[in-house]
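K.L.:
Need coordinates for the following:
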Amino acid sequence: MQCAHCGEISADPDARFCEACGFSLRSPAATPVACAHLEIDAGGYCEACGLKVGAGGAKLDFALNAGADLAIVSDRGRRHTSNQDAGVVARREDGAVLLVVADGVSSSQNAAGASEAAVAACVHTFVSAIDMRKLPLADQARMIVEAAAQAVLDVARGAGVEGLDPPETTIVLVLAHEGHAGFAWVGDSRAYVLQAGATKPVTVDDSWAEQMISVGKMDRDTAMRDPRSHAILQCLGMGFDEIDFHICEAELPADSGLLLCSDGFWNYFETPELVAAAYAEAQAEGEAQDICRKLVARANSAGGRDNITVALLRPVR
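P.N.:
Have a look, this model is predicted:
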């Protein structure tokens, strides 16, 4: 049995955890989308995780599902030759669900490496940190996002680029269990709660535009039209003590769902009302992965000027 996280091969077919890294060997739904051992089919897709690889090994797009109600889809968009987004959806044996979207900051070195490391750390912590499961969901979300932050710093250290334009990424994650959800985010990737045709935003962007709006210097329309609107104020890859991790917990009614996305999606659906309308149209597709594909296609049709990622826990019908 081979570990999906580090590639170590276990001689014990009944082993539950990898002896090398501690990753669970019993959670196939928690495999990171950028897996360590690509098995590429004739179409250029990894048979293990669905990631598509282009010339030179560049990541193009990926899709992953953990059941009919839980999926993630990502696409490089129409103007990029690679995909610096990463993400995962996973379902733990106790019923807890994890969704993560990370958007590598393109102006930094190895942005794709940063987002992939962050996601891998999230999955590893979600699956393997057994004692963490006793904590409130907000505390669990904090532990997961802090592990992601440390993983991105480790990428910089490994490449010897600390302090020299190190790898950076945004992140948004949600851990849902038994009618509650814990959220964590840094940057401008977003999370929404879907319920009864409405879309409620959970996150607030760490962006220049939101700062101008919050201090009353600009109204939202003016701020979002400014060329500086998407400038990120903080992200993973900054010094650990410099990051203000946003953490919250909320009830998640039985008829509600969750949608996470990178700015490549919400650029075209900036308001909750537009997201709700797009979801209402796409939900006719049925299963979560089909809905995600429809939403990604909508963003591509609208311009696709950035990498696009959508993760979904579909509301119960």
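
K.L.:
Disregarding residues adjacent in the polypeptide, which is nearest to residue 156?
P.N.:
Distances taken as C-beta to C-beta, 6 or more residues apart in numbering place residue 166 nearest to residue 156, at 3.7 Å, with adjacent residues excluded. (Each C-beta comes from the backbone N, C-alpha and C, glycine too.)

K.L.:
where's the one you found relative to residue 83, distance?
P.N.:
Distance from residue 166 to residue 83, counting by C-beta to C-beta, to the nearest Å: 20 Å.

K.L.:
do residue 128 as well
P.N.:
Separation of residue 128 from residue 83 (C-beta to C-beta): 27 Å.

K.L.:
hmm, back to that, residue 166 and residue 83: which is more packed in?
P.N.:
residue 83 (27 against 22; other C-beta atoms under 10 Å).

K.L.:
what about the more buried one, helix or strand, and which?
P.N.:
For residue 83, there is no helix or strand it lies in under DSSP states H and E.

K.L.:
Residue 101 now?
P.N.:
strand 97-103.

K.L.:
helices or strands up against the helix or strand containing residue 175?
P.N.:
Following DSSP H and E, one finds residue 175 within strand 171-177. On a contact count with 3 or more C-beta pairs under 8 Å, 6 or more residues apart in numbering; DSSP states H and E, strand 171-177 meets strand 97-103, helix 111-128, helix 137-159, strand 180-186, strand 190-195, strand 256-261.

K.L.:
ok, 7 Å please
P.N.:
When contacts are defined as 3 or more C-beta pairs under 7 Å, 6 or more residues apart in numbering; DSSP states H and E, strand 171-177 packs onto strand 97-103, helix 137-159, strand 180-186, strand 190-195, strand 256-261.

K.L.:
Give the pairing partners of the first one; include direction for each.
P.N.:
So the one you mean is strand 97-103. Each strand paired with strand 97-103, and its direction, by DSSP bridges: strand 85-91 (antiparallel), strand 171-177 (antiparallel).

K.L.:
so how far is the first one off the chain centroid?
P.N.:
What it means is strand 85-91. Chain-centre distance of strand 85-91: 5 Å, with C-alpha atoms, centre = their mean, to the nearest Å.

K.L.:
Buried residues in that strand, which are they?
P.N.:
85, 86, 87, 88, 89, 90, 91 (16 or more other C-beta atoms under 10 Å).

K.L.:
So for it, mean pLDDT?
P.N.:
Summarised as a single mean, pLDDT over strand 85-91 is 93.

K.L.:
okay, that strand in CSV with CA atoms only?
P.N.:
Extracted in CSV, the C-alpha atoms of strand 85-91 (Å, rounded to 0.1, in the frame of the first residue of the first chain):
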residue,chain,number,x,y,z
ASP,A,85,-4.8,27.1,-7.7
ALA,A,86,-5.0,24.0,-5.6
GLY,A,87,-7.7,22.5,-3.4
VAL,A,88,-9.3,19.4,-1.9
VAL,A,89,-12.5,18.0,-0.6
ALA,A,90,-12.4,15.1,1.9
ARG,A,91,-14.7,13.2,4.1
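
K.L.:
which outside residues touch it?
P.N.:
In this structure, residues lying in contact with strand 85-91 by C-beta atoms under 7 Å, 6 or more residues apart in numbering are 27, 29-30, 32-34, 64, 66-67, 70-72, 74, 97-104, 115-116, 119, 122-123, 126, 262, 307, 309, 311.

K.L.:
Can you go through these and name the buried ones?
P.N.:
So, by 16+ other C-beta under 10 Å, the buried ones in these are 27, 29-30, 32-34, 64, 66, 70-72, 74, 97-104, 115-116, 119, 122-123, 126, 262, 307, 309, 311.
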